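Undergrad: The following comprises the amino acid sequence and a computationally predicted model.
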Amino acid sequence: KAVTTFPDTMFSIDTTKYEVARQSLNCGVQMVNDVSGLRNDPRLADLCAQHAAALVIMHSRETPKTMQVRPKYRHVTRNVTRFLIEKAEIAKKSGVSQIVIDPGIGFGKTAKHNLEIIAQLNTLTCTGYPVLIGASRKSVIGLILDDEKGPRSVENRLAGTLALHYHALMLGAAVLRVHDVREARDSLDIFKAITVVSP
């Protein structure tokens, strides 16, 4: 119903399941966000191609139950970039014309891993694929902003979220996944205004 009520809005479905994606696309959804990065079901690429839908390929590791159990990478940004390029090329060969890559902040990564990826985001933005960053209110922000009571609570991570996302924009991120839409839009409008007048 929402798709027909808001015809000028692009709707996305978060799923790793083929049948859920198929039914959503048949209802008019225009984007599939696969947090498994085509690991769970590579057929999602063919499905998106058939519907001329966009595909978000996110990096994660193992399963939701095990991905945060002592995650280790020799070079996290390099490994994540290699994975995303490989999966994006598979999607491209399947006929998907709109591919977005997401390094998966908080998915199978320590706080240090997440910060390294953000700091080295140009490695991802240089691939030619639009980069999505979804760090809104995530635990890495709470850990950075901890105090004597421990990590900052989820409801008190807005300023940290805006700062992290703004930095990602400066490094070339094309899409932000947010909870606080108005505040995120205000931050984006400021970013755009400054970018327009920058020499």
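TA: Yep, it's here.
Undergrad: can we go C-alpha only for contacts and neighbour counts from here?
TA: Fine.
Undergrad: hang on, residue 55 in a strand?
TA: Yes: per DSSP: H, G, I helix; E, B strand; the rest coil, residue 55 lies within a strand segment.
Undergrad: Quick check: it vs residue 41, distance?
TA: 13 Å (CA to CA, to the nearest Å).
Undergrad: more crowded one of the two?
TA: Using other CA atoms under 10 Å as the criterion, residue 55 and residue 41 rank with residue 55 on top: 28 against 13.
Undergrad: which residues does the more buried one form a beta bridge with?
TA: residue 32, residue 99 (DSSP bridges).
Undergrad: Looks like it contacts residue 100 (just checking).
TA: Yes: Residue 55 is within contact range of residue 100, at 6.2 Å (criterion: CA atoms under 8 Å).
Undergrad: Now do the shared contacts for these two.
TA: By CA atoms under 8 Å, 6 or more residues apart in numbering, residue 55 and residue 100 have no common neighbours.
Undergrad: Remind me which helix or strand residue 87 belongs to.
TA: Element membership for residue 87 (DSSP states H and E) is helix 76-94.
Undergrad: for that helix, packing partners?
TA: helix 43-50, strand 54-58, strand 99-102, helix 111-119, helix 122-125 (3 or more CA pairs under 8 Å, 6 or more residues apart in numbering; DSSP states H and E).
Undergrad: Which residue is most remote from the mean position of the protein?
TA: The outermost residue of the chain relative to its centre, with distances by CA atoms, centre = their mean, is residue 148 at 31.3 Å.
Undergrad: For stretch 128-140, which outside residues touch it?
TA: For stretch 128-140, contacts defined as CA under 8 Å, 6+ apart pick out 99-106, 111, 114, 124-125, 151, 154-155, 157-158, 160-162, 164-165, 168, 172-179.
Undergrad: and it, how far out from the chain's middle?
TA: Here the centre of stretch 128-140 is set off from its chain's centre by 4 Å, with CA atoms, centre = their mean, to the nearest Å.
Undergrad: Right, I'll call it a day here.
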